[in-house]
Structures are given as structure tokens and as C-alpha cells.
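Novice: what would the 3D arrangement of this be:
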Amino acid sequence: MKVVIVQPAIPSYRLGLFSRLADRLGPQLLVYASPGKLGVLTEHAPCAWERTLGPIRAVLPGLEWQPGALSIPLDRGDVLVVSGAPRCLSNIALLLKARWKGARTIWWGHYWSSTSRPWRAGLRMVLMRLADAILFYTDREAEEYLATRKNNRKPVAALNNGIETGEIVTLRKPYDPVLRPRDLLFIGRLTRKAELALLLEALALPVCAGVTLDVIGEGGEEEALRRQASVLGLSGRIAWHGGTTDERQIAEIANRCKAFVYPGSVGLSLIHAFAYGLPAVVHDDRWKHMPEIAALRAGTNGLTFAEGSAASLADTIRALLGDHPALKRMSTEGIAMTDRTFNTKDMAERF
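Specialist: Just a heads-up that it's a prediction; the model follows:
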């Protein structure tokens, strides 16, 4: 029996999971993916379990095809896992091929994400029916799906999508906000999704006077954000570190900060912050986040602000940074969350 996983790309945060699965499954695990376009996030040495497909190409407006996908060998008794991306037509064709060949299939994807729309979500629910089982990113999504599917007969499970935390645990420093010289950390790609411009507006308000920010990430919005920071007079309070997947570099920065902030649609960056024991500040609209928002417990491991409001974000930052007992308590809770789940060890066991 082969376990064949088909992905659009293999970003660095997936390497831990696939390596752990390869340790368990050996040569029976094969992961097929196209070359990535996420900068440092998709730069890695080839792995024994990795197989390369052609670059994903557009076939119609809003629809894609992954060249070589239909040539993937499948036999009776194999398990095929496809990425739950409705716009990728080759995934649908692969599911049909697997059924014809007698292989079993798993749809691995979101129930809802920050870019979802009701009609797209509806289409995704229809396409899920082509698979023998459904694997969601988080327990919350599985619960939400089953709550609306009383007659569901398919196996439904979740991984609690996370990151490799082993190295972070060894690099993480004890958390005492009084001794930390920097205030806020942002980690993620500098895209519109991140809405970092809103954070800059908040930092320019009087209630956040003197608050510092460290930014780890790269992306198309970086130049515009740097200009905005200069215009707002924030340049001296912001450190731009660029993009990196080197955990030692990330740890050196994260261990100096008191809290994590992500003003846009947060995803795995939230898990990364919790693993370092950083309390989080994110907006309050669950449906405009990625699935990993399920790890947030407002008031327990972080705080929320009114989505889209710079004034609310500034007030929330001020309140959090000024409450050292709350910061310590939230730090402990964030670490506990990522020790228990939202890590690749737990993901591999769940898979």
C-alpha cells in the first residue's frame, strides 16, 4: 500500500509533518508537489519522499491544472490524499482516477478560510463528496462541518494544523515581560492579507507612543509599508528583519519581544508565536481568519480587537502591554496549547 499525498507546493512548515510520516511509513509515503513560489518558504533540499510535478498553470479564469498529476501511479489499496482546492481541476480528475483504480481517497483542506465565500464553500462541500474521507485543518472545523451534516457517513477527522516545535522548545527563553526590551513581533508574509498597514496606523496613535515592532517576513507590500512607516514617523521604532526560515534567527528576535500581533487574516503565524510563549493580538472576526485561529482563546492566550479598527487595535495593544500578570499567564497558556497540539508530532499521530 502506498500513501500518496498531492500538494500544490511543499513549504518549509510542511517538512516536519512529512518527515515524521516518512519515519512511520517508510518508502510507502510519496508526496507530489509543484515548484513553490513563496520565496524562502519553499526553498529546501530535496527529500527522499518528495516527487516533483510541473508548475501549476491556469487553464480557465480561476481554474488551475497541475501538470503530471494524472500520471501519478495508483493501485488498488493505495491511499490518495489531495489538497482541498476546488479550483485545481487535476485534483478532481485524480479523485476520479483513484476510484477507477480501486484506491481510497482523502480530501485534506479547509472548512472555511479568510478568502471563502458562501458559493465557493458550497462548491467545496459538493466536491468533498468525491472522496472517501475528509480531513480538516482543525477540530473546530470538523465540529462545524458535522453540525451541518447530520447524516454524514464519511470518516471525518482533523489534524490541528501546526508547525515543528522541537527546535523552538530548545531555543525558547523564559518569559518575563519586564526584562524583554522589545514590544511587538509580527511574523508572516508581507501581503494584503496581513494588513500590516493597519498596525502602522495604530502605532502612530498617541496611546501607542514608544511601542516598538519587529517584523520578520518579506513580500510585495514591503516597500509600501516602509514608506508608510517613514511618513508616520515610525522608522526608528520598527526593525525590518526580512524573510527567513532559520529558527535560530527567529528565536533571537522572538525572545526579545513581549507579544505577537497580526492585524489581518492570521494563520500558522499564530501557532509560531504561541510556541515562543508570546501572547497574541488578532482581530475578532473568526470568519476572516485562516483555520488556525481555532488555537486562540480570547482572554486566555491572547486578546482580540475590532476588525479593521486602528483605534481598537491601539487600545488593545496598550492594555495588553500594560498588564504584566496577564502577559505571563497568556504566555504560559500559549506554550501549553502548542505542547499539547498544533504541532507536527500530534499532526502525524492524528494522520
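Novice: counting contacts, what elements does the helix or strand containing Leu327 pack onto?
Specialist: Counting by DSSP states H and E, the element that carries Leu327 is helix 324-340. Counting contacts by 3 or more C-beta pairs under 8 Å, 6 or more residues apart in numbering; DSSP states H and E, helix 324-340 is packed against helix 268-275, helix 310-321. (C-beta placed from N, C-alpha, C; glycine too.)
Novice: touching, Ile238 and Ile216? I think so.
Specialist: No: Ile238 is not in contact with Ile216 according to C-beta atoms under 8 Å; the separation is 11.9 Å.
Novice: that older thread, specify the stretch among the helices and strands packed on helix 324-340 that is closest to Val40.
Specialist: Val40 lies closest, by C-beta to C-beta, to one member of the helices and strands packed on helix 324-340: helix 268-275, at 14.3 Å.
Novice: list of residues touching the closest one?
Specialist: 13, 161-163, 165, 168-169, 172, 185-188, 250, 254, 260, 262, 280, 282, 290, 292-293, 295-296, 301, 334-335, 337-338, 342-343 (C-beta atoms under 8 Å, 6 or more residues apart in numbering).
Novice: which helices and strands does the helix or strand that comes right after it pack with?
Specialist: Next along the chain after helix 268-275, taking DSSP H and E as the criterion, comes strand 280-283. Here strand 280-283 touches strand 259-262, helix 268-275, strand 302-305, helix 310-321, going by 3+ C-beta pairs under 8 Å, 6+ apart.
Novice: same list (the ones you listed) but as TSV, adding distance to Gly122.
Specialist: Formatted as TSV, those follow (distance: least, C-beta to C-beta, whole Å):
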stretch	distance to Gly122
strand 259-262	28
helix 268-275	26
strand 302-305	28
helix 310-321	32
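Novice: among these, which is nearest Arg153?
Specialist: So among the helices and strands packed on strand 280-283, helix 268-275 is nearest, using C-beta to C-beta, at 31.5 Å.
Novice: between the closest one and helix 324-340, how many degrees?
Specialist: With axes from the mean of the first three to the mean of the last three C-alpha atoms, to 10 degrees defining the directions, helix 268-275 sits at 110 degrees from helix 324-340.
Novice: helix 268-275: how far from the chain's middle?
Specialist: Centre-to-centre, helix 268-275 and its host chain are 8 Å apart (C-alpha atoms, centre = their mean, to the nearest Å).
Novice: before we move on, what about stretch 267-276?
Specialist: Worked out by C-alpha atoms, centre = their mean, stretch 267-276 lies 8 Å from the chain centre.
Novice: how about stretch 285-293?
Specialist: On the basis of C-alpha atoms, centre = their mean, stretch 285-293 sits 10 Å off its chain's mean C-alpha point.
Novice: stretch 68-82 now?
Specialist: Stretch 68-82 sits 26 Å away from the centroid of its parent chain (C-alpha atoms, centre = their mean).
Novice: swap in stretch 133-146?
Specialist: 16 Å.
Novice: got the contact list for Arg20?
Specialist: Counted by C-beta under 8 Å, 6+ apart, Arg20 has contacts Thr344, Lys345, Met347, Ala348.
Novice: now with 7 Å?
Specialist: Residues near Arg20 by C-beta atoms under 7 Å, 6 or more residues apart in numbering: Thr344, Lys345, Ala348.
Novice: in three-state terms, label the second one for me.
Specialist: Read that as Lys345. Following DSSP: H, G, I helix; E, B strand; the rest coil, the label given to Lys345 is helix.
Novice: and Pro11, how far from Leu225?
Specialist: Per C-beta to C-beta, to the nearest Å, Pro11 is found 22 Å from Leu225.
Novice: may I ask which helix or strand of the protein has the lowest mean pLDDT?
Specialist: Lowest mean confidence among the helices and strands of the chain (mean pLDDT, DSSP states H and E): helix 118-128, at a mean of 77.
Novice: helices or strands next to the next helix or strand along the chain from that helix in the packing?
Specialist: For helix 118-128, the following helix or strand on the C-terminal side (DSSP H and E) is strand 133-136. Here strand 133-136 touches strand 104-109, strand 156-158, going by 3 or more C-beta pairs under 7 Å, 6 or more residues apart in numbering; DSSP states H and E.
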